[in-house]
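K.L.:
okay, here's the prediction I keep looking at, along with the sequence it came from:
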Number of protein chains: 2
Amino acid sequence: MASQRSGPNLSRIATSLGVSVATVSNALSGKGRVSDALIERIRSHAAELGYVPSQAGRALRTGRSGVLGLVLPDIANPLFPKIAQAIESAASAAGYGVLIADSRGDITAQTEAINRLVERGVDGMVVVPRRATRISAASCPVAVIDTASTPGNTVAADHWQGGREIATHLAGLGHKQILIIGNNHESNVQNDRAGGIRAGLAPGMRSETLWIERLETETGAGCRLGLAEKAGQGFTAFAALSDLQALRALTELQQEGISVPGDVSVTGFDDLIWSPVVTPSLTTVRMDMDTIADIAVSALIDRINESGTREGVLVTAETERVPMQLIIRHSSGRANPAPKISEMENM
Amino acid sequence: MASQRSGPNLSRIATSLGVSVATVSNALSGKGRVSDALIERIRSHAAELGYVPSQAGRALRTGRSGVLGLVLPDIANPLFPKIAQAIESAASAAGYGVLIADSRGDITAQTEAINRLVERGVDGMVVVPRRATRISAASCPVAVIDTASTPGNTVAADHWQGGREIATHLAGLGHKQILIIGNNHESNVQNDRAGGIRAGLAPGMRSETLWIERLETETGAGCRLGLAEKAGQGFTAFAALSDLQALRALTELQQEGISVPGDVSVTGFDDLIWSPVVTPSLTTVRMDMDTIADIAVSALIDRINESGTREGVLVTAETERVPMQLIIRHSSGRANPAPKISEMENM
DNA sequence: GTTCTGCGCTTAATCGTTTAATCAACTGCA
DNA sequence: TGCAGTTGATTAAACGATTAAGCGCAGAAC
């Protein structure tokens, strides 16, 4: 029943070469004292046999599983692929595997997901928390990726600065009235982005903020955002706090016959997969996920290596904010000095 | 250095209760012969201490890691979240963890990713192959999720039937000329979908197929698809083989002043996250990922349980094709009998 | 000549779990 | 009373790796 592991193990190599398992272990790990000649013999023989060390045996002995957990707020989030990809890549470069856990549902689900990972013996975990939740430290090192204003945050994109990039870009194009379009006003990330935009406005500019989720609880999911009316009121730029909302804004405006970027400009955040291929392609701001993942993973691994006691701790990193990069495409253009006449008539 | 596992283990429970570890193990697993009273005492004491079994110890002894691998062709694929979510959910319901591996890059990367998983000792793996690649069986059971026409496929959505759903829907709306818009003509999935559409056309209807990747190698990435011209030629429906291409088509048409669904209809595949929120919302066809994941995972686990020898095999399932569901939204409507005059003038 | 040191390898313990084998005590039955 | 069968527990041997400690033997130090 219980499966024999197919491959060779240390003792098989040892007996086949007439040495002890300890020597083989030392030769392969380079730790103890073994003569160079023997090291060479052992290594080549191991390679020949296609030896792969048993993670189970190693984990049992060392107390390290060589696996990191990744807890994601909502796997269905379109940003998730990039995060997972970056974390997996960083972890695997450091010799770690990545176990995923989906915390869809409420905060309880998030805690359960964390527990599942702990039970599986992960050495540490990266958590992208549900909006505005605080991670109560699990019994292993935890790195949090959210935004600077989240308590316990380890590293994240500088969402605030990203917002400023958008604001100065729009200011430079001559826009005076900006409509910020967000999804949920409880999201730390979205709040930071909105704050950055407001902080980056030049004198004489003003902004207003529209929270979609709030609107939808009144009007129903998938409702119109009423952007044409906003355009009629003089808003010439629509700065969405995520590309998903930017896409929603863009298509609604186009449907109502308002030209982008001719009449109004639309910008987003995150450079999601569709941003370059829609017409007009989206001006947006991109997080450097690879860098963020590298920082999070190496902070985690540092902590794992130094802490013998396996206590649960929120790890910290030197650089907490990674700059975002503005990507100018075709959905943003010069502010149209006079609102379209047809729009005025509609009012 | 080597960390003491924080929690209690079997022997701690055993000594604390004055029984042997074997008895504790039996009591918790319900396997050996232990008196009901003692079982109760042991279980409650274990719960009280917050005992969690060491996966490493168990894995070493049983030869099973309790972990499945998930290999994805391109994590950045927008469909990925749903797949990962469904697999994770199915696996975790069956008591398994999920280790991810990204095979971004070429087929070599895919093989490397598979090897990494094997080295980590996964009991089996789910592979969503890169387009048109064949999985050379790894040294553990493998379930393949792609499409029925892929050799070795275990289970997948019935892409062909999904295509027929689209075709009959469009036929019912009176469309006669359908432009099928795909990305890559080497993708088995896209070919099956396109085949289904063609097979579902009513007499008197005709279709043509546009492969974006082929067009882009000539004209450059992000180029216009020239859909307005196609509309001028009499195409009234644009059936994209994925929502990403549908979105691209939709926005290009809107930008050119062609009304959707007034002038032409647009449909997609996969019901990706933006489909319900763009304007007009996308008519599309949805895969039942939860069912697919359940089938794949349970086929995998069945094979793991029955095979003692841990050989690498492509597992098979009873139901190979899971029906797709047509979701009618607002991007598809009655065929416009007369093409728009302005369009005709443009020709 | 004796003690010390370093080298190269082996011995043996250990991580936590599972499970086959064993054993003592008790039951039922002739 | 003696024997077989059952019950409820223990003993002990794995699984595969790591690693501290030990051991014999050389050459150096005194």
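P.N.:
Alright, I've got the coordinates.
K.L.:
got the contact list for the residue nearest the centre of chain A?
P.N.:
Central residue of chain A (CA atoms, centre = their mean): A:Ile83, 3.8 Å from the mean position. Residues near A:Ile83 by CB atoms under 8 Å, 6 or more residues apart in numbering or on different chains: A:72, A:128, A:145, A:289, A:293. Glycine gets a C-beta too; all of them are placed from N, C-alpha and C.
K.L.:
likewise A:Ser16?
P.N.:
A:45, A:49.
K.L.:
now do A:Val266
P.N.:
Taking CB under 8 Å, 6+ apart as the test, what A:Val266 contacts is A:237-238, A:240, A:246, A:249-250, A:253, A:260, A:282-283, A:331-332.
K.L.:
among those residues, give me the pair with the biggest separation.
P.N.:
A:Leu253 and A:Thr283 (14.2 Å; CB to CB).
K.L.:
of the contacts of A:Val266, grab the buried ones for PyMOL.
P.N.:
The PyMOL selection below is limited to those of those classed as buried (16 or more other CB atoms under 10 Å in any protein chain shown):
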select buried, chain A and resi 237+238+240+246+249+250+253+260+282+283+331+332
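K.L.:
how far away is the residue nearest to the centre of chain A from A:Ala90?
P.N.:
From A:Ile83 over to A:Ala90 the distance is 11 Å, taken as CB to CB, to the nearest Å.
K.L.:
now for those two: what residues contact both?
P.N.:
A:Ala293.
K.L.:
ok so, going back, lowest-confidence one in the contacts of A:Ile83?
P.N.:
The pLDDT minimum for those sits at A:Leu72, where the score is 89.
K.L.:
now do the same for A:Ile180: helix, strand or coil?
P.N.:
strand (DSSP: H, G, I helix; E, B strand; the rest coil).
K.L.:
tally of neighbours for it?
P.N.:
Applying other CB atoms under 10 Å in any protein chain shown, we find 24 residues neighbouring A:Ile180.
K.L.:
isn't it up against A:Ser207?
P.N.:
Yes - A:Ile180 is in contact with A:Ser207 according to CB atoms under 8 Å; the separation is 5.6 Å.
K.L.:
joint contacts of these two?
P.N.:
With CB under 8 Å, 6+ apart as the test, A:Ile180 and A:Ser207 both reach A:197-198, A:239.
K.L.:
who wins on neighbours among those?
P.N.:
Of those, with other CB under 10 Å as the count, A:Ala239 tops at 31 neighbours.
K.L.:
show me what contacts that residue?
P.N.:
Counted by CB under 8 Å, 6+ apart, A:Ala239 has contacts A:166-167, A:170, A:178-181, A:197, A:207, A:267.
K.L.:
of those, which pair is most distant in space?
P.N.:
Most distant of the contacts of A:Ala239, by CB to CB, are A:Ala167 and A:Ile181, 14.1 Å apart.
K.L.:
neighbour count: the two, which is higher?
P.N.:
Applying other CB under 10 Å to A:Ala167 and A:Ile181 shows that A:Ile181 carries more neighbours, namely 28 against 25.
K.L.:
what is that one paired to in the beta sheet?
P.N.:
A:Leu210, A:Ala240 (DSSP bridges).
K.L.:
surely it touches A:Leu241?
P.N.:
Yes - at 6.6 Å, A:Ile181 counts as touching A:Leu241 under the criterion of CB under 8 Å.
K.L.:
which secondary structure element is home to A:Ile100?
P.N.:
strand A:97-102 (DSSP states H and E).
K.L.:
quick one: mean pLDDT for that strand?
P.N.:
93.
K.L.:
make sure I have this right: A:Met125 is in a strand.
P.N.:
Yes - assessed by three-state DSSP, A:Met125 belongs to a strand.
K.L.:
does it really touch A:Ile145, like I thought?
P.N.:
No - when contacts are counted by CB under 8 Å, A:Met125 is not listed as touching A:Ile145 (11.0 Å).
K.L.:
A:Pro151: how many residues sit nearby?
P.N.:
Going by other CB under 10 Å, the residues that sit close to A:Pro151 add up to 10.
K.L.:
so which strand or helix has it?
P.N.:
Here A:Pro151 is assigned to no helix or strand, by DSSP H and E.
K.L.:
how about the CA coordinates for stretch A:270-278, as CSV?
P.N.:
Output in CSV follows, covering the C-alpha atoms of stretch A:270-278 (Å, rounded to 0.1, in the frame of the first residue of the first chain):
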residue,chain,number,x,y,z
ASP,A,270,-2.1,48.0,-12.3
ASP,A,271,-1.5,47.5,-16.0
LEU,A,272,-3.7,44.5,-16.1
ILE,A,273,-3.7,42.1,-19.1
TRP,A,274,-6.2,44.0,-21.1
SER,A,275,-4.8,47.4,-20.7
PRO,A,276,-2.6,47.3,-23.8
VAL,A,277,-5.1,45.7,-26.1
VAL,A,278,-8.3,47.7,-25.6
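K.L.:
neighbours of A:Leu17, just the number please.
P.N.:
A:Leu17 - counted by other CB under 10 Å - has 16 other residues nearby.
K.L.:
what distance do you get for it to A:Ala37?
P.N.:
12 Å.
K.L.:
can you check A:Glu252 too?
P.N.:
Taking CB to CB, one finds A:Glu252 at 74 Å from A:Ala37.
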